[in-house]
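**Student:** Take this sequence and fold it.
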Amino acid sequence: MARIKQTILFICLGNDARSQMAEGIVNHFHRNRYEAFSAGTEPTKLDPIAIKVMKEIGVDISKAKAKDDRGFYGKPIDYVVTLSNEAEEDLSSFVQGRDYIHEDFPDPSEFDGPESKVILEYRRVRDDIRAFISETFGGR
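**Tutor:** Predicted coordinates:
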């Protein structure tokens, strides 16, 4: 009998980088156990640098679209994971998740400086999110 995948909803502010990275990482590296989705409390559009740094690890998120977290209200989700303090504050009424997890990651779109430095910061956030996912969901 096939095991049913658990669902994870990653939420950040804009659904442009952090939550998209997390969704892509789970659906690529952990797809045998989980199905991930992402959304934002104030969705914008996908960040091109996030697309670039995800391709570096073999994950293509280029077709993703920013989604509003309200589109997930009422849907059964096993884990609701907020990736920013702002998202956690905005989700006080999101009651559909079986379990809630919060970890604050910096918004890479707020990094300034030369492109080479900004890309390094995006990579750091990507790698930190990947490590968080492995630590949090690797043994479940």
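**Student:** residues of the helix or strand where residue 131 lies that come out buried?
**Tutor:** Using DSSP states H and E, the element containing residue 131 is helix 115-137. The neighbour-count check on helix 115-137 (16 or more other C-beta atoms under 10 Å) flags 118-119, 121-123, 125-126, 129-130, 132-133, 137 as buried. All C-beta spots, glycine's among them, are computed from the backbone N, C-alpha and C.
**Student:** Tell me which residues touch the spatially most central residue of the chain, please.
**Tutor:** What sits nearest the mean C-alpha location of the chain, by C-alpha atoms, centre = their mean, is residue 19, with 2.1 Å. Going by C-beta atoms under 8 Å, 6 or more residues apart in numbering, residue 19 touches 10-12, 38-40, 83.
**Student:** what about the helix or strand containing it, distance to the chain center?
**Tutor:** For residue 19, the host element (DSSP H and E) is helix 18-29. Distance, stretch centre to chain centre, for helix 18-29: 6 Å (C-alpha atoms, centre = their mean, to the nearest Å).
**Student:** No more questions from me, cheers.
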